[in-house]
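Chemist: sequence and predicted structure are below.
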Amino acid sequence: MTHETAVGPYRLTQFAHGGGCACKIPPGELEDVVSELLGGPTVHAPGELLVGLDSGDDAAAVRLHGSTAILATADFFTPVVDDPYDWGRIAAANALSDVYAMGGSPLVAVNLLAWPREKLPFSLAREVLRGGLDVAREAGCHVAGGHSVDDPEPKYGMAVTGVADAARLLRNDAGRPGLPLSLSKPLGIGVLNTRHKATGETFANAIATMVELNRDASRAAVDAGIRCATDVTGFGLLGHLYKLARASGVTAVVDSAAVPYLEGAREAVRDGYVSGGTRRNLAWVAPHTDFGSVPEEERLLLADAQTSGGLLVAGEIPGAPIIGELRAAGDYPLVVR
């Protein structure tokens, strides 16, 4: 909805070229950028680096001593909704998700804020920060300061530090043939957000899904002895699943009929509300996917750029539908039926 202030109404999504995790640099381009940063000499620093750049996982993990691992991540993006408080809540839940996707608990976060100070009043920035603080408190995570810059586009997120049991990490390279694939949140967030940006229509179901923490799904996975998971954000279900299958050396098979969607998502695709990020996701995974006779609309939904999406788990957890399985590596890393 439009947020009313003393200086008039503002639609925050109109101050950004894109919205939410759909603004991510395309995965293929990003991999080209970081490919030459892999490997190199060992850094003599405290602790043991358990997870870094190599597998493209959700957060970095360093074992400090014994079974204690420190997790570190950062995530921020342009407005995905017009209401500043909701945007703050969504961005915080999304940043915390990287810690949950590794099987950890968030410990402390710092704010990352970019603000067009001559275009938007700071009363809106205060609401963004308040939303982020409320979600961090819900997660039991300290918020201690942060960093801000003057920027032509508003952006907000958090850098989060968490802790985990080093022997029970959730990783995207630990998938094994025979494991089922579970998804803890429905898809369709991206196309509904794109429709919101274009028309101003609000979708309470999308907001509720984005602000929901992945804490319970993460704890359920760790308690069940599951060791492979990732969260579904800007690269879409297929993009993140491709990274998991590639890192684990398996083929992931998706039963498209079993994938849950938010109400209104299919209509949004049919009406053309598909972001450029979603189309780039599909273009990236298409050469590595056997789609069979799955129609274009379904492919776009499976590649839809999510913001603060659910956990994709190689295993079965309560309340999360099974949408496919991992098999021994075949001709394609991904198969969609």
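Modeler: Received it, and whenever you're ready, just let me know what you need.
Chemist: compute the distance between E296 and G277, please.
Modeler: Using Cβ to Cβ, to the nearest Å, E296 is found at 17 Å from G277. (Glycine included, C-beta is placed from N, CA and C.)
Chemist: same deal with I207?
Modeler: Using Cβ to Cβ, I207 is found at 19 Å from G277.
Chemist: one more: A217?
Modeler: In this view, A217 and G277 are 24 Å apart by Cβ to Cβ.
Chemist: I207 and G277 - which one has more neighbours?
Modeler: Taking other Cβ atoms under 10 Å, I207 and G277 do not tie; G277 has more neighbours (28 against 22).
Chemist: quick check: the more buried one touching T194?
Modeler: No - using Cβ atoms under 8 Å, G277 makes no contact with T194, being 9.2 Å away.
Chemist: ok, now which ones touch E267?
Modeler: With contacts taken as Cβ atoms under 8 Å, 6 or more residues apart in numbering, E267 has no neighbouring residues.
Chemist: confidence score at D58?
Modeler: Listed pLDDT for D58 reads 73.
Chemist: can you map out the strands along the stretch 101-250 of the chain?
Modeler: Remark: strands assigned in the stretch 101-250 of the chain by DSSP state E, counting those that start in this stretch are 105-115, 142-150, 155-165, 180-183, 229-231, 250-254.
Chemist: does anything pack onto the shortest one? Which helices or strands?
Modeler: Taking 3 or more Cβ pairs under 8 Å, 6 or more residues apart in numbering; DSSP states H and E as the contact definition, the neighbouring helices and strands of strand 229-231 are helix 84-100, helix 236-248, strand 311-314.
Chemist: if you set the cut-off to 7 Å instead, what comes out?
Modeler: Helices and strands touching strand 229-231, as assessed by 3 or more Cβ pairs under 7 Å, 6 or more residues apart in numbering; DSSP states H and E, comprise strand 311-314.
Chemist: next SSE downstream of the strand it packs on?
Modeler: Next along the chain after strand 311-314, taking DSSP states H and E as the criterion, comes strand 322-328.
Chemist: helix 236-248 and that following strand, what's the angle between them?
Modeler: Taking axes from the mean of the first three to the mean of the last three Cα atoms, to 10 degrees, one finds that strand 322-328 is oriented at 30 degrees with respect to helix 236-248.
Chemist: which strands and helices sit next to strand 322-328?
Modeler: Against strand 322-328 (3+ Cβ pairs under 7 Å, 6+ apart) you get strand 180-183, strand 250-254.
Chemist: just how off-centre is the first one within its chain?
Modeler: Averaging C-alpha positions (Cα atoms, centre = their mean, to the nearest Å) puts strand 180-183 16 Å from its chain's average.
Chemist: ok, now the longest one?
Modeler: Shown here is strand 250-254, whose average C-alpha point lies 20 Å from the average C-alpha point of the whole chain (Cα atoms, centre = their mean).
Chemist: for the stretch 1-150 of the chain, what spans make up the helices?
Modeler: For the stretch 1-150 of the chain, the helices defined by DSSP state H, counting those that start in this stretch occupy 27-34, 84-100, 122-138.
Chemist: buried set for the last one?
Modeler: If I follow you right, that is helix 122-138. For helix 122-138, a neighbour-count test (16 or more other Cβ atoms under 10 Å) marks 124-125, 127-129, 131-136 as buried.
Chemist: now that helix: mean pLDDT?
Modeler: pLDDT averaged over helix 122-138 gives 97.
Chemist: what's the burial count for the closest residue to I207 other than its chain neighbours?
Modeler: Of all residues not flanking I207 in the chain, D86 sits nearest, at 5.5 Å (Cβ to Cβ, 6 or more residues apart in numbering). Each residue near D86 was counted by other Cβ under 10 Å, and the total is 24.
Chemist: D86 against V128, yeah?
Modeler: No - with contacts counted by Cβ atoms under 7 Å, D86 stays clear of V128, the gap being 9.3 Å.
Chemist: would you list the helices and strands packed on strand 322-328 in TSV and tack on distance to V110, mean pLDDT and mean neighbour count?
Modeler: Below are those laid out as TSV (distance: least, Cβ to Cβ, whole Å; pLDDT from 0 to 100; neighbours: other Cβ atoms under 10 Å):
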stretch	distance to V110	mean pLDDT	mean neighbour count
strand 180-183	30	98	23
strand 250-254	35	98	23
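Chemist: would you turn the ones you listed into TSV with distance to V99?
Modeler: Output for the helices and strands packed on strand 322-328, formatted as TSV (distance: least, Cβ to Cβ, whole Å):
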stretch	distance to V99
strand 180-183	19
strand 250-254	24
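Chemist: out of the ones you listed, which is closest to P79?
Modeler: strand 180-183 (25.9 Å; Cβ to Cβ).
Chemist: the closest one - contacts with which helices or strands?
Modeler: Strand 180-183 makes packing contacts with strand 311-314, strand 322-328 when contacts are defined by 3+ Cβ pairs under 7 Å, 6+ apart.
Chemist: ok, residues contacting it?
Modeler: 252, 259, 310, 312-317, 320-326 (Cβ atoms under 7 Å, 6 or more residues apart in numbering).
Chemist: perfect, that will be all.
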